[in-house]
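> Predicted coordinates and the sequence they were generated for:
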Amino acid sequence: MSDSAKKPAPTRRKASRHRGEGQWAAGHFTPLNGNEQVKKDDDGLNVRTRIETIYAHRGFDAIDGGDLRGRMRWWGLYTQRRPGIDGGKTAVLEPEELDDEFFMLRVRIDGGQLTTAQLRVVGEISQEFARGTADITDRQNVQYHWIRIEDMPEIWRRLEGVGLSTTEACGDTPRVIVGSPVAGIAEDEIIDGTPAIEAIHRRVVGNKAYSNLPRKFKTAVSGSPLLDVAHEINDVAFVGVVHPEHGPGFDVWVGGGLSTNPKIGVRLGAWVPLDEVADVHEGIVSLFRDYGYRRLRTRARIKFLVADWGAEKFRQVLEDEYLLRKMIDGPAPEQPVHHWRDHVGVHRQKDGRFYVGFAPRVGRVDGTTLTKIADLAEAHGSGRVRTTVQQKMLILDVPEDQVARLTEGLEALDLMVTPSAFRRGTMACTGIEFCKLAIVETKGRGSWLIEEMERRLPDFDEPITININGCPNSCARIQIADIGLKGQLVTDDNGEQVEGFQVHLGGSLGLEPGFGRKVRGLKVTAAGLADYVERVLRAFQEQRADGERFAQWAARADEGSLS
């Protein structure tokens, strides 16, 4: 065969090591993105020393970039949005162009549990250091704005002096552990999860073994039959159940989450006694640390690992490699019979006293109001306050003869114990006022929408949830609301780009968990929001069957009724 007839030599490809998804358990320790490199360079927990010894003295301009937009989150600090930057520039500007020289600071309130002394300190810090800001989040925390780096040592001193913390309130860490706000007091409670929350906190929060996770890690624990912690959308959740042989304990869920890839968590089918919850939680956190995907931030939450593995494999790896034992099979939780899971109103405790739940507007309060709540609680016999995952608050342990006077005092502060369906069911994220990711305004618009709907539909008394989010990340849980509103820029009738919303309809947790329906092409301008909500709720009232909930109606309604 001549040289010209020979087959061409195969092209040699450069040998490269497959790096997979960046899983440590597979030996992939080389950082595959900037976030992983920042964490490898220095543990986020170490930044506190630099804040206290350098940045608090030299000011904002002295802060290292890796600390400013990365490690400071390990201590609850995010830079807030510079005023005057419209939503159209959110995805265009560089981080340093969006950064203001002030911070959002998140105070973690595990289980939503506060003493009135703690609440008073939270309120005083708001007044003195945060221009009065103090939002209640849908994970039971309090968020401040306008925080100066120079004030952080004193803020920490005051918070930690009453047993509160900002440790790992943000970052790729075990975030706040949400819990039933009526743990230990509810008449219908299956089991009190408070000891489990305390044990989990002792083991993982501030522990450098768990301070470099692939992404944030959210935990929920509740023994309430109301399923009051949104367990279906947490990374891990422990839900109260009664085992037919072993008695009260917890059913384990993993892999829930929202954002741009929403997933409902799955059951592992395992029953865990109270004194083993912290062991199982630590095993799951460790599994996520070792097997979680670190290559792409967009796939680094545990929900993607669970989706790829399935519940059976996840449980097997947990048992074989981390717990070193088999877990007990157990029953699923019973579905709640009530739509509302926020504990708003007046309710009897198992000790004969009462708790009083009330609704601020879209979680927005201020430092002065928080101190007044503490004063009211103490004046009427209580020393304990709770926050909820619906941006509500409770005062516990109120004697029966004090309930009416406490209710009157709260409602004088515009904190409604018997709120309208709209006040009770509307929730909003931080929005463009302070958040660098946001595209539209949310808090003020949510408050305005409540007033508009109370005026337009004064007799509407069906349970309804309206969740308003400033961007696609779903901090306000738009996909699981009856009416979920995702902020974006839309085109109005004049061809102008204006603030508006993509609409999700019929999402829910509890009775029939699922994500809301998007109507093709349906986008609503901010100016037309009240008109739209009124229109769709009137259609619901006209077309619903007896006993039919909004989510059920929205699933079957024609697009004309939803537009």
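Looks like it arrived, so ask away.
> tell me the centre residue of this structure?
For the chain, the residue sitting closest to the mean C-alpha position, by Cα atoms, centre = their mean, is R139 at 4.3 Å.
> Mind checking what secondary structure that one has?
Classification of R139 into helix, strand or coil gives coil, according to DSSP: H, G, I helix; E, B strand; the rest coil.
> Now do the closest residue to M453 other than its chain neighbours against L522, distance only.
If you skip the residues right next to it in sequence, M453 has F422 as its closest partner in space, 4.4 Å away by Cβ to Cβ, 6 or more residues apart in numbering. For glycine as for every other residue, the C-beta is placed from the backbone atoms N, C-alpha and C. Note on F422: its distance to L522, by Cβ to Cβ, to the nearest Å, is 21 Å.
> With M393 instead?
Counting by Cβ to Cβ - M393 and L522 are separated by 34 Å.
> picking up where we left off before, and the residue nearest to the centre of the chain, its phi and psi?
The main-chain torsion angles of R139 are listed as degrees, to the nearest 10 and equal phi -120, psi 30.
> Next up, the contacts around it.
R175, V176, V178, K218, V389 (Cβ atoms under 8 Å, 6 or more residues apart in numbering).
> ok, the fourth one - contacts?
The neighbours of K218, taking Cβ under 8 Å, 6+ apart as the test, are R139, R175, V176, V178, N234, D235, V236, G257.
> So of these, which two are at opposite extremes in space?
Across the contacts of K218, the two members that end up farthest from each other (Cβ to Cβ) are V176 and G257, 15.2 Å apart.
> Out of these two, name the residue with the larger neighbour count.
A side-by-side neighbour count of V176 and G257, using other Cβ atoms under 10 Å, places V176 first with 27 against 22.
> Skipping adjacent residues, who's closest to Q497 in space?
Q497 sits nearest to L489 (Cβ to Cβ, 6+ apart), 4.9 Å away.
> SS state for that neighbour?
Each residue gets one of three states, and L489 gets strand by three-state DSSP.
> Kindly state the beta-bridge partners for it.
Using DSSP bridges, the beta-bridge partners of L489 come out as E499.
> Against T137, how distant is M104?
Taking Cβ to Cβ as the criterion, M104 is separated from T137 by 11 Å.
> any residues in contact with both of the two?
Common neighbours of M104 and T137, counting by Cβ under 8 Å, 6+ apart, are Q143.
> And for V142, the neighbour number?
28.
> repeat for E319
By the criterion of other Cβ under 10 Å, E319 has 17 neighbours.
> what do you get for D558?
10.
> how far does stretch 419-435 sit from the chain's center?
Going by Cα atoms, centre = their mean, to the nearest Å, the spacing between the C-alpha centre of stretch 419-435 and its chain's C-alpha centre is 14 Å.
> hang on, I meant stretch 318-331
Averaging C-alpha positions (Cα atoms, centre = their mean) puts stretch 318-331 28 Å from its chain's average.
> Pull out the buried positions in it.
L318, E319, Y322, L323, M327, G330 (16 or more other Cβ atoms under 10 Å).
> Between which two of the residues you listed is the distance greatest?
Within the buried residues of stretch 318-331 (distances taken as Cβ to Cβ), the two that end up farthest apart are Y322 and G330, at 18.7 Å.
> for the buried residues of stretch 318-331, which one is nearest Q113?
Nearest to Q113 out of the buried residues of stretch 318-331 is G330 (Cβ to Cβ; 26.7 Å).
> what sits against that closest one?
When contacts are taken as Cβ under 8 Å, 6+ apart, G330 is in contact with V241, H243, H246, G249, D251, G269, A270, W271, V272.
> Pull up the gap between it and F238, please.
The span separating G330 from F238 equals 11 Å under the rule Cβ to Cβ.
> With A130 instead?
A130 sits 33 Å away from F238, taking Cβ to Cβ as the criterion.
> With neighbour numbers in mind, choose between those two.
Neighbour count, other Cβ under 10 Å: between A130 and F238, F238 has more, with 31 against 25.
> So the residue lying closest to the more buried one once chain neighbours are set aside, which state does it fall into?
The shortest distance from F238 to any residue that is not its chain neighbour, by Cβ to Cβ, 6+ apart, is 3.9 Å, and that residue is F250. In the three-state summary, F250 is assigned as strand, counting by three-state DSSP.
> R289: which element?
Assigning secondary structure by DSSP states H and E places R289 in helix 277-291.
> For whichever helix or strand comes after that helix, enumerate the helices and strands it packs against.
For helix 277-291, the following helix or strand on the C-terminal side (DSSP H and E) is helix 302-309. Judged by 3 or more Cβ pairs under 8 Å, 6 or more residues apart in numbering; DSSP states H and E, the packing partners of helix 302-309 are helix 277-291, helix 311-317.
> Contacts for helix 302-309 next, please.
Taking contacts as Cβ under 8 Å, 6+ apart, the residues outside helix 302-309 that touch it are 214-215, 217, 235-236, 254-257, 261, 263, 265-266, 288, 291-293, 314, 317.
> pLDDT of it, averaged?
Here the mean pLDDT over helix 302-309 is 98, rounded to a whole number.
> Next, the angle helix 277-291 makes with that helix.
Helix 302-309 runs at 80 degrees relative to helix 277-291, counting by axes from the mean of the first three to the mean of the last three Cα atoms, to 10 degrees.
> Name the residues of helix 302-309 that are buried.
If you call a residue buried by 16+ other Cβ under 10 Å, then helix 302-309 has these buried ones: I302, K303, F304, L305, V306, W309.
> Please apply the same query to stretch 201-209.
Residues of stretch 201-209 classed as buried under the neighbour-count rule (16+ other Cβ under 10 Å) are H201, R203, V204, V205, G206.
> what is in contact with G330 and F238 at once?
Counting by Cβ under 8 Å, 6+ apart, the contacts common to G330 and F238 are D251, V272.
> Which parts of the stretch 451-563 of the chain are helices?
For the stretch 451-563 of the chain, the helices defined by DSSP state H, counting those that start in this stretch occupy 529-543, 550-556, 559-562.
> Nearest to D482, out of these?
helix 550-556 (4.4 Å).
> So which bits of that closest one are buried?
Within helix 550-556, the residues that count as buried by 16+ other Cβ under 10 Å are F550, A551, Q552, W553, A554.
> quick one: contacts for the last one?
For A554, the contact set (Cβ under 8 Å, 6+ apart) comprises D482, L505, G506, G516, R517, F540, L562.
> I'd like these written out as TSV, with neighbour count, pLDDT and distance to E334 added.
Listed next are the contacts of A554 as TSV, based on neighbours: other Cβ atoms under 10 Å; pLDDT from 0 to 100; distance: Cβ to Cβ, whole Å:
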residue	neighbour count	pLDDT	distance to E334
D482	26	96	23
L505	22	96	27
G506	24	94	23
G516	24	89	24
R517	18	89	27
F540	22	97	27
L562	20	94	31
